[in-house]
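Peer 1: here's a sequence, model it:
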Amino acid sequence: MDFLPRINTVFLRVIEELGYFSRFGATFFRWIGEKPFRWKHLTAQMNSIGVDSTPIILLVSLFTGAVFALQTGYAFRLFNAETLVGSTVGLSLTREIAPVFAALMVTARIGSAMAAELGTMRVTEQIDALEAMAVNPFHFLVVPRVIGATLMLPLLTALFNFVGFIGAYLVGVGLLGIPEGPFIARTEFYVDNDDLFGGLFKAAVFGFLLALISCYQGYKAEGGAAGVGRATTRAVVVSSVTILVVDYFLTQWILEIIEGR
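Peer 2: This next block holds a predicted model:
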């Protein structure tokens with residue numbers, strides 16, 4: 001029965017951590033509308049999150065669309081339904097693959113950087129120095145990062161959709177020999193605005209969550225360099241798991257809305 005106290009301790013730690021994170025999120029909404037609004041910091045974060053992440057998004061999206069078209073093409077050939085490859089890839093990209101993969105790529109690249117940067121500022125007392133200069137560190141450091149990620153991730157997802165479908169087109173039409181007309185026509189017929197905007201909404205939610213979680217982990221880091229390393233690891237792991245879990249509930253909610261129309 002020794003494992004029961006351990007389970008109880010872990011459960012209490014999880015509840016405590018969720019409480020701290022909820023307060024952190026409430027603080028964000030408290031400061032989001034306060035002045036001064038630092039446009040320079042926001043644009044810098046949008047550039048770092050969006051523009052600097054474009055190359056990795058282009059590479060991942062191109063080969064994701066290509067390999068998915070290759071797999072579905074060979075599978076649909078068994079049923080003489082190769083013309084459905086375009087629509088299948090389009091639906092998969094817009095609804096699931098693009099927002100989830102883009103969020104995971106941004107988490108690996110930007111989420112870890114946010115946690116490491118804020119964690120370093122915490123352990124070197126730079127955040128305390130901001131408070132001593134009468135600058136609210138939360139408003140100065142966290143708010144621009146969360147807003148920037150929330151705004152830029154849908155744009156990266158839209159780019160992922162476009163380039164991913166180009167990869168699917170090159171493989172489907174160029175390699176598998178699927179007729180171009182049916183490939184495009186089936187995609188236009190089955191993929192509609194609800195699929196696209198549902199994926200973009202998911203991306204905005206994922207961007208908000210990954211930035212908030214990463215900033216939270218870095219903001220509360222302690223223990224020197226080792227503590228910064230632990231905060232960075234937790235930021236990436238917790239953000240990735242949260243994205244996958246939240247994706248299920250968002251998918252269920254969006255599908256219920258679409259089917260109810």
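
Peer 1: would you indicate which residues of stretch 177-196 are buried?
Peer 2: 178, 183-184, 186-187, 191, 195-196 (16 or more other Cβ atoms under 10 Å). C-beta coordinates here come from the backbone N, C-alpha and C atoms, glycine included.

Peer 1: likewise stretch 224-244?
Peer 2: Quick answer for stretch 224-244 (16+ other Cβ under 10 Å): 227-228, 230-232, 234-236, 238-240, 242-243.

Peer 1: pick out the most distant pair among these.
Peer 2: Greatest spatial distance in these: Gly227 and Ile243, 24.3 Å, computed using Cβ to Cβ.

Peer 1: just the ones in helices from the buried residues of stretch 224-244, please.
Peer 2: 227-228, 230-232, 234-236, 238-240, 242-243 (DSSP state H).

Peer 1: please enumerate the strands of the stretch 101-250 of the chain.
Peer 2: For the stretch 101-250 of the chain, no strands are identified by DSSP state E, counting those that start in this stretch.

Peer 1: tell me which stretches of it form helices.
Peer 2: 112-123, 126-132, 137, 143-169, 180-190, 193-219, 224-260 (DSSP state H, counting those that start in this stretch).

Peer 1: isn't Ser61 up against Gly164?
Peer 2: Yes: with contacts counted by Cβ atoms under 8 Å, Ser61 reaches Gly164, the gap being 4.2 Å.

Peer 1: more neighbours, these two?
Peer 2: Gly164 (30 against 27; other Cβ atoms under 10 Å).

Peer 1: contacts only, for the residue nearest to the more buried one when sequence neighbours are not counted.
Peer 2: Distances taken as Cβ to Cβ, 6 or more residues apart in numbering put Gly65 closest to Gly164, at 3.3 Å, once the chain neighbours are dropped. By Cβ atoms under 8 Å, 6 or more residues apart in numbering, the contact set of Gly65 is 89, 93, 163-168, 171.

Peer 1: a markdown table for those, including pLDDT and distance to Pro154?
Peer 2: Output for the contacts of Gly65, formatted as a markdown table (pLDDT from 0 to 100; distance: Cβ to Cβ, whole Å):
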| residue | pLDDT | distance to Pro154 |
| --- | --- | --- |
| Val89 | 95 | 20 |
| Leu93 | 95 | 14 |
| Val163 | 97 | 15 |
| Gly164 | 96 | 15 |
| Phe165 | 96 | 17 |
| Ile166 | 96 | 19 |
| Gly167 | 96 | 20 |
| Ala168 | 95 | 21 |
| Val171 | 95 | 26 |
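
Peer 1: I'd like to know which of those residues are buried.
Peer 2: Using 16+ other Cβ under 10 Å, the buried members of the contacts of Gly65 are 89, 93, 163-165, 167-168, 171.
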